[in-house]
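> Just need the structure, nothing else, for what follows:
(2 chains)
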Amino acid sequence: MSEPISLYNSMSRAVEPLRPLAPPRVSLYVCGPTIYNYGHIGNFRTYVAVDLLRRTLTHFGYEVDHVMQFTDVDDKTIRGARENGVPLKQFTSQFREAFLEDAKTLNIEIPERTPNATDHIPRMVELIATLVDKGAAYASDDGSVYFRIAAFPKYGCLSHLDLENLVAGARVNQDEYEKEGVGDFVLWKKWTVADGDVGWDSPWGKGRPGWHIECSALSMEYLGEEIDIHGGGTDLRFPHHENEIAQSEAATGHTFVRSWFHVEHLLVDGQKMSKSLGNMYTVRDVLARGYTGRELRYALLSGAHYSKNLNFTWQGMDDAKTAVARIDEWRRLVRNLSPAALDEPPLLQLAADCLNDFNAALRHDLNANKALGVLFNFISTTNAGLHRGQYLPREIKAIDLVWTAVDAVLGLGDVTESSVPAEVQSLAEQRAAARKAKDFAASDTLRKQIEALGWKVKDTPKGQELTAA
RNA sequence: GGCGGGGUAGCCAAGUGGUAAGGCACGGCUCUGCAAAAGCUGUAUGCGUCGGUUCGAUUCCGACCCUCGCCUCCA
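Predicted coordinates:
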């Protein structure tokens, strides 16, 4: 049984109740990365937000059918392959793998299907042919095919741009003289020398698909002509998604997407990421600075609502690290108190309230920050009770189950206790002996040695506790 | 020029027509050999500025200031 949820639809510019075509199924298409390089944290901000969406949908009882393509042919991938002297496929596959690894680092659930664009060229050609037949596209003399914007009066409906201003815009490419209209965009690019051995045969000659057509083709191929949610970074709104709508609806004659989900960009130190500023960080860069994927995920989730700019700073990463440590500390406490092995969650009003508030926050356009606030309030309250020993084992179980439910959405994961190295263990034993002998000078020295090895010692009523720093 | 997003404590960030969640940082206390962790507690009479509507506005309206983004292939 699926529960109602509201999402901001950037087409209508309003938060609307989600009304899937065939509940409980929700079809979700997300524009994936162009795999010519490692993804940066800005890319992953988008995919973490999408992951929050899919986990939330699942949490509320929907069956998510999620497709995300990998763009493995375009100017950048072709250039990269040539510069490295390797076949296109070889060049892109390494970055496809890297993306999946980084997604795993961030505990992002992999979509049900992740097709490569180049595996579906015939489907794209077919779609382009349909558009040509319907008069919505035309082949130029040289063998490229363009979409005819004049044939699609709705053009601009998503980005709310009007063609008059488009023409006045500064960045219109004036070089493509073959086009009938300045706003017309390419569906099929004729082969050029720079493409090397990359190219496919088509009714219009050798070439490759334009960027926009792949998403239309793959979305329709896997999810049908009309889908529930289509998402991606905010920059894709125009022209990419606008063009997708034009292509798809001109071909099918009906609605392509019911709700548009756009994730706002991430900034670094208040500025747009760019190579020249040296602030384009990959997930790997963040790990290299000593942070974990969990901490990055927390920072990405809590930094701002998905619809607003998120300002990434190293200070923010430090804050995230401490916040995650607070959660972890609470989790250790709960687990060490051995919750009862029960299948049925017992009644604990506190736990029920927490889940209700948590759900309410998510239901309203994925308010992750508010949801986290609910969690932290729960942590504070239960920490006090747990330290006082006021809960019965079955109540501790109820607390434990709250985390299970909440983390199914947040995806922060549980602390994984790494095994204590023998050297650290040995130092810890010496320290325990020193403390017993009340040789606190030796004890403090040993603690420093243990810390130098990357571990923290904590003295508890039950003895020392070791955790990886 | 067109369209849109922001301006809330030292930093980050929710939120609502009735008197401000949460995280981080900081101070005090409890606990501790000392720490750590945790708890308790203190930090915005205030939510860009000026007007207006209202019994009452940070929340609605108007003007203005500042800032960010998009306007043809960048998540």
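
> When you work out contacts or count neighbours from here on, use the C-alpha atoms and nothing else.
Fine.

> Run through who's touching stretch A:353-362.
For stretch A:353-362, the surrounding residues in contact (C-alpha atoms under 8 Å, 6 or more residues apart in numbering) are A:5, A:56, A:367-368, A:370-372, A:374-375, A:378, A:402, A:406.

> how about a cut-off of 10 Å?
For stretch A:353-362, contacts defined as C-alpha atoms under 10 Å, 6 or more residues apart in numbering pick out A:5-7, A:52-53, A:56-57, A:59-60, A:349-350, A:352, A:363, A:366-379, A:399, A:402-403, A:405-406, A:409.

> restrict these to contacts with RNA strand B.
A:367, A:369-374, A:376-377, A:379 (C-alpha under 7 Å from any atom of the strand).

> mind checking the SS state of the residue of the stretch 51-200 of chain A found nearest RNA strand B?
Closest residue of the stretch 51-200 of chain A to RNA strand B, C-alpha to the nearest atom of the strand: A:G183 (3.2 Å). Following DSSP: H, G, I helix; E, B strand; the rest coil, we place A:G183 in the coil state.

> Let's see which of the contacts of stretch A:353-362 end up in helices.
Secondary structure from DSSP state H places A:52-53, A:56-57, A:59, A:349-350, A:352, A:363, A:368-379, A:399, A:402-403, A:405-406, A:409 of the contacts of stretch A:353-362 in helices.

> ok, and for stretch A:239-252, which residues are buried?
For stretch A:239-252, burial by neighbour count (16 or more other C-alpha atoms under 10 Å) applies to A:240-251.

> out of those, which one sits closest to A:H160?
A:E242 (9.6 Å; C-alpha to C-alpha).

> so that closest one sits in a strand?
No. A:E242 is assigned helix when assessed by three-state DSSP, not a strand.

> My guess is it contacts A:G183. True?
No. The criterion here is C-alpha atoms under 10 Å, and A:E242 misses it with A:G183 at 11.3 Å.

> still on that earlier bit, buried subset of the ones next to RNA strand B among the contacts of stretch A:353-362, written for ChimeraX?
Selection of buried members from those for ChimeraX, criterion 16+ other C-alpha under 10 Å:
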select /A:367,369,370,371,372,374,376,379
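
> Need the max-distance pair from the ones next to RNA strand B among the contacts of stretch A:353-362.
Maximum pairwise distance among those (C-alpha to C-alpha): 18.6 Å, between A:N367 and A:I379.

> Pull out the buried positions in the longest helix seen in chain A.
If you go by DSSP H, chain A has its longest helix at helix A:314-336. By neighbour count with 16+ other C-alpha under 10 Å, helix A:314-336 contains the buried residues A:316-317, A:320-321, A:323-324, A:327-328, A:330-331, A:334.

> If you count contacts, what does that helix end up packed against?
Packing partners of helix A:314-336 (3 or more C-alpha pairs under 10 Å, 6 or more residues apart in numbering; DSSP states H and E): helix A:293-302, helix A:368-388, helix A:393-410.

> show me the contacts for A:Y222.
Counting by C-alpha under 10 Å, 6+ apart, A:Y222 touches A:27, A:29, A:65-67, A:113, A:115.

> With A:H66 instead?
A:H66 neighbours (C-alpha under 10 Å, 6+ apart): A:26-30, A:54, A:110-114, A:219, A:222-223, A:229-230.

> Which of these fall within helices?
Using DSSP H, those in helices are A:54, A:219, A:222-223.

> ok, and the closest non-adjacent residue to the residue of the stretch 151-300 of chain A found nearest RNA strand B?
Residue nearest to RNA strand B within the stretch 151-300 of chain A: A:G233 (2.4 Å; C-alpha to the nearest atom of the strand). The shortest distance from A:G233 to any non-neighbouring residue, by C-alpha to C-alpha, 6 or more residues apart in numbering, is to A:V263 (4.8 Å).

> Thought A:H305 was touching that neighbour, still the case?
Yes. Using C-alpha under 10 Å, A:V263 makes contact with A:H305 at a distance of 9.0 Å.

> how close does A:I35 sit to RNA strand B?
Distance of A:I35 to RNA strand B, given as C-alpha to the nearest atom of the strand, to the nearest Å: 8 Å.

> What is the neighbour count of the closest residue to A:T77 other than its chain neighbours?
Leaving aside its chain neighbours, A:T77 sits nearest to A:Y36 (4.9 Å; criterion: C-alpha to C-alpha, 6+ apart). Neighbours of A:Y36 under the rule other C-alpha atoms under 10 Å: 24.

> Show me where the stretch 301-450 of chain A dips below the pLDDT cut-off.
Counting by pLDDT under 70, the ranges of the stretch 301-450 of chain A that qualify are A:341-347.

> Name the residues of it found near RNA strand B, please.
A:302-305, A:307-311, A:315-316, A:318-320, A:322-323, A:325-326, A:329-330, A:367, A:369-374, A:376-377, A:379-381, A:383-384, A:387, A:435, A:440-441, A:443-444.

> what about 6 Å?
Counting by C-alpha under 6 Å from any atom of the strand, the residues of the stretch 301-450 of chain A close to RNA strand B are A:303-305, A:308, A:310-311, A:319-320, A:322-323, A:326, A:329, A:367, A:369-370, A:372-373, A:376-377, A:380-381, A:383-384, A:387, A:440-441, A:443-444.

> Can you tell me which of the buried residues of stretch A:239-252 is nearest A:R394?
Proximity of the buried residues of stretch A:239-252 to A:R394 (C-alpha to C-alpha) peaks at A:H241, which lies at 50.8 Å.

> Contacts only, for that closest one.
A:31, A:156, A:158-159, A:212, A:215-216, A:230-232, A:234-235, A:247, A:260.
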